[in-house]
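Novice: Okay, structure incoming, though there's no sequence with it:
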């Protein structure tokens, strides 16, 4: 495992920012770490990167404890904080040379060139960071996070301030990097999570409320709930559809198209087919409507 978090609690005064958080991230995974504002995301990332200590619990990165072997952990981690602190009076290339010097890189010139190319900063390299747009500042932050070729990347809102085209470019870069590194990604853009993350961890009020593969996360909230969109070949009365076992809500969408909701765990589509056969009705189409990530997120994190 690249990152192991076990029973981590963080307390600020009387406020408990993290409450017995436990999860693991495997080598080579891209994991989305999401939650509402104030849920504890940035606090957890700062603990993993060694910026702040946990109150209790254990965290290790590539087998190194983040407290006992803090310097070793930092060598193996590339970190893009939420606020992306940069030296605005330095030129882009100059800043990357400075960061490369901190890591004592030997191939400084070639590595800086590679980072400028991969993050789309070739034309901006001789500009002062303070003169860049927010989107290009994010690119500089990404370049400094990756310049020392770390095994683990911790990215807090990496596409913040980027335009749609830039977002796609950075997504592709993260996906490419994720083939050889472990990536922990925090963002409020659900489409971004679904597009590039293999697994999703949802945190709310300092506790993990969901931790599963992206394709399974849609069933995390209210598992005994299904929504089916069905079209019959002829008119059917709502009161008849309500007799189907497990159906709790019937809504006519248009003509012979119906939305049916159930409250049982078993696949309700079998019961719908049985109803149609019994009443000599043809099912023209039937689709199980999965909850969107936004819907799951809201249900798991709402007050």
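Specialist: On my side now, so go ahead. If you're wondering where the values come from, they're calculated on a predicted model, not measured in any experiment.

Novice: tell me, what residue is most central in this structure?
Specialist: The centre of the chain sits closest to residue 32, judged by CA atoms, centre = their mean, with a distance of 2.2 Å.

Novice: which other helices and strands contact the host helix or strand of it?
Specialist: Residue 32 is part of strand 30-34, with elements assigned from DSSP states H and E. Here strand 30-34 is seen to pack against helix 41-48, strand 182-186, helix 190-196, strand 199-204 when contacts are counted using 3 or more CB pairs under 8 Å, 6 or more residues apart in numbering; DSSP states H and E. To be clear about C-beta, it is placed using only N, CA and C from the backbone, and glycine gets the same treatment.

Novice: for these, which one sits closest to residue 281?
Specialist: Relative to residue 281, the nearest member of the helices and strands packed on strand 30-34 by CB to CB is helix 190-196, separated by 36.0 Å.

Novice: Mean neighbour count, the helices and strands packed on strand 30-34: which tops it?
Specialist: The highest mean neighbour count among these, using mean count of other CB atoms under 10 Å, belongs to strand 182-186: a mean of 25.

Novice: Turn the helices and strands packed on strand 30-34 into TSV, columns for distance to residue 94.
Specialist: Compiled in TSV, those are given as follows (distance: least, CB to CB, whole Å):
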stretch	distance to residue 94
helix 41-48	27
strand 182-186	27
helix 190-196	31
strand 199-204	37
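
Novice: For the ones you listed, could you give me TSV that also reports mean pLDDT and distance to residue 5?
Specialist: Formatted as TSV, those follow (pLDDT from 0 to 100; distance: least, CB to CB, whole Å):
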stretch	mean pLDDT	distance to residue 5
helix 41-48	93	7
strand 182-186	93	10
helix 190-196	87	19
strand 199-204	94	10
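
Novice: of all those, which lies closest to residue 76?
Specialist: In this view, the helices and strands packed on strand 30-34 are compared for proximity to residue 76 by CB to CB, and strand 182-186 is the closest at 9.6 Å.

Novice: residues making contact with that closest one?
Specialist: Around strand 182-186, the neighbours that count as contacts under CB atoms under 8 Å, 6 or more residues apart in numbering are 2-3, 25-34, 41-42, 45, 48, 82, 151-158, 174, 177, 192-193, 196-197.

Novice: Which among these count as buried?
Specialist: Buried residues within the contacts of strand 182-186, counting neighbours by 16 or more other CB atoms under 10 Å: 2-3, 25, 29-34, 41-42, 45, 48, 151-158, 174, 177, 192-193, 196-197.

Novice: pretty sure residue 59 is touching residue 5, no?
Specialist: Yes: with contacts counted by CB atoms under 8 Å, residue 59 reaches residue 5, the gap being 5.2 Å.

Novice: which neighbours do those two share?
Specialist: By the contact definition CB under 8 Å, 6+ apart, residue 59 and residue 5 are jointly contacted by residue 48.

Novice: that older thread, between the helices and strands packed on strand 30-34, which one is nearest to residue 110?
Specialist: Distances from residue 110 to each of those were compared using CB to CB; the minimum, 23.5 Å, belongs to strand 182-186.

Novice: where's the closest one relative to the chain centroid, distance-wise?
Specialist: Using CA atoms, centre = their mean, to the nearest Å, we find the averaged C-alpha position of strand 182-186 to lie 8 Å away from the chain's own average C-alpha position.

Novice: quick one, domains of this structure?
Specialist: Segmentation of the chain into domains, based on automatic domain parsing, reads 3-219, 226-301.

Novice: ranking those domains by burial, who's on top?
Specialist: The highest average neighbour count among those, using mean count of other CB under 10 Å, belongs to domain 3-219 at a mean of 18.

Novice: Measure how far that domain is from the centre of its chain, please.
Specialist: When C-alpha coordinates are averaged (CA atoms, centre = their mean), domain 3-219 and its chain have centres 11 Å apart.

Novice: do the same with stretch 235-250
Specialist: Offset of stretch 235-250 from its chain centre (CA atoms, centre = their mean): 38 Å.

Novice: Just the endpoints, please. Distance across stretch 121-129?
Specialist: Using CA to CA, to the nearest Å, the end-to-end distance of stretch 121-129 comes to 11 Å.

Novice: That should have said stretch 259-277, apologies.
Specialist: Start to finish, the residues bounding stretch 259-277 are 19 Å apart (CA to CA).
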